[in-house]
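Q: 3D, please:
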Amino acid sequence: MMRSIFDSLILIIGTLSFAGASALIIAPLLTRHWARRWLRARLGTTSHKATAITPPTTAAPSTPPSITDFLDAIARDVRSGFSLAASFVQCSDRQTENESWSQPVARRLLHGITLSDALLECALPTWTPEIRFASRTLALASAGGSGVAHALEHSASILREQHGLALDRDVQSAQAQLSTKVLTWLPIAVFVWICATDPVARLFLLSTPAGIGCVATGITLNVSGRKWMTRVVGNVSV
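A: Just a heads-up that it's a prediction; the model follows:
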């Protein structure tokens, strides 16, 4: 009896020690990673707000920085005296990272189609929310008026702010992601350790209906908890 109690205490202490060591090792690394990512993105977006001259060379076509730079470039050309359609065509030729969605629109503009009609014809289900937002802004701005450039610049600033808030959300959810990883892998590590060190427990867990039921229930709860936590973190709105 005393031997069983002693083994249980050793098991509990070992499990808690493993969990604490994992948290102490992983937490600083994960926090540093997310902090660096947030800082790089923040510095990049701040630079774009201040200068708005050139797009980032490493940004993908669907990322907010390239779309915001595209809108800012069109606004600058409009302020210089070009029409909105001419500005769109010129910026589409200069910024090749947006050509996947801007070039088809530019080709229709060259054939005399209005900007709003060209955007409507070229709209695709694969367009990102940022591209759809920029397209709606351009379509509304094509109606004319004195505030075209201001509307484009304001839309670009909104996209930048949304991108920054998304990065802030990633940083704030880093602790929850760490907890999810630890709580997911810790039971698996403990299960493997018990099966490797305790023949009686291994025989019970892998050879009896009750043990197999415990293992199946644990795996189900583990997977469900991980998916639920990932969904909760992923659905945080900003």
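Q: quick check, residue 85 in contact with residue 115.
A: Yes - assessed by CB atoms under 8 Å, residue 85 is found in contact with residue 115 at 5.2 Å. For glycine as for every other residue, the C-beta is placed from the backbone atoms N, C-alpha and C.
Q: what do those two both touch?
A: Shared contacts of residue 85 and residue 115, defined by CB atoms under 8 Å, 6 or more residues apart in numbering, are found at 109, 142.
Q: tell me which of those two has more neighbours.
A: Neighbours of residue 85 and residue 115, each counted by other CB atoms under 10 Å, are more numerous for residue 115; the result is 23 against 20.
Q: and the more buried one, what does it touch?
A: Each residue near residue 115 by CB under 8 Å, 6+ apart is listed here: 84, 85, 88, 105, 109, 138, 139, 142.
Q: switch the cut-off to 7 Å
A: Residues counted as contacts of residue 115 (CB atoms under 7 Å, 6 or more residues apart in numbering) are 84, 85, 88, 109, 138, 139, 142.
Q: just the ones of those in strands?
A: Here DSSP state E is the test, and those give no hits in strands at all.
Q: reformat these as a markdown table; add pLDDT.
A: Shown next, in a markdown table, are these (pLDDT from 0 to 100):
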| residue | pLDDT |
| --- | --- |
| 84 | 89 |
| 85 | 87 |
| 88 | 89 |
| 109 | 88 |
| 138 | 89 |
| 139 | 87 |
| 142 | 84 |
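Q: from those residues, which land in helices?
A: Within the contacts of residue 115, residues falling in helices by DSSP state H are 84, 85, 88, 109, 138, 139.
Q: and which of these is nearest to residue 147?
A: Of all the ones in helices among the contacts of residue 115, residue 84 has the smallest distance to residue 147: 11.9 Å, by CB to CB.
Q: wait, doesn't the closest one sit right on residue 151?
A: No - if you go by CB atoms under 7 Å, residue 84 and residue 151 don't touch, sitting 10.3 Å apart.
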